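[1] Prediction below, plus the sequence it came from.
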Amino acid sequence: MIGALFTAVAGSRWASQAIAWAALAGAVLLFLMNLRRAGERAGRLAERLETMERANEIQRHMLEAAADRPRDRDDLARRLRDGRF
């Protein structure tokens, strides 16, 4: 019964056009949803990149400070006397 009704409705011209328009609208909707999800993913990746750059900058400053530290107590005393510390 339902199959015969579906065949009769789907066979008409306006039903086939309605199905085509519905399929087109569905495809556009899926495309827009995928585009939104891709934008969110790109935003998360950009935020992660900024965080990594900030962490790398901090680590670079720490390494530069460690490279310039006094080697021993005598070096520390010399720097304090010279006013370079």
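    Arrived safely.

[2] Rank the helices and strands of the protein by mean pLDDT and give me the bottom one.
    Here the helix or strand of the chain ranked lowest by mean pLDDT, DSSP states H and E is helix 2-10, holding a mean of 57.

[3] moving C-terminal of that one, what's the next helix or strand?
    helix 13-67 (DSSP states H and E).

[4] Give me the packing partners of that following helix, helices and strands only.
    On a contact count with 3 or more C-beta pairs under 8 Å, 6 or more residues apart in numbering; DSSP states H and E, helix 13-67 meets helix 2-10. For every residue, glycine as well, the C-beta is placed using N, CA and C.

[5] Helix, strand, or coil at Arg84?
    Reduced to three states with DSSP: H, G, I helix; E, B strand; the rest coil, the structure at Arg84 is coil.

[6] Measure how buried it is and give me the count.
    Counted with other C-beta atoms under 10 Å, the neighbours of Arg84 add up to 8.

[7] What's the separation between it and Ala38?
    Distance, Arg84 to Ala38, using C-beta to C-beta, to the nearest Å: 54 Å.

[8] Can you report how many residues neighbour Ala15?
    13.

[9] again with Pro70
    Other residues within reach of Pro70, judged by other C-beta under 10 Å, total 14.

[10] Point out where the protein drops to low pLDDT.
    For the chain, applying pLDDT under 70 flags the ranges 1-11, 85.
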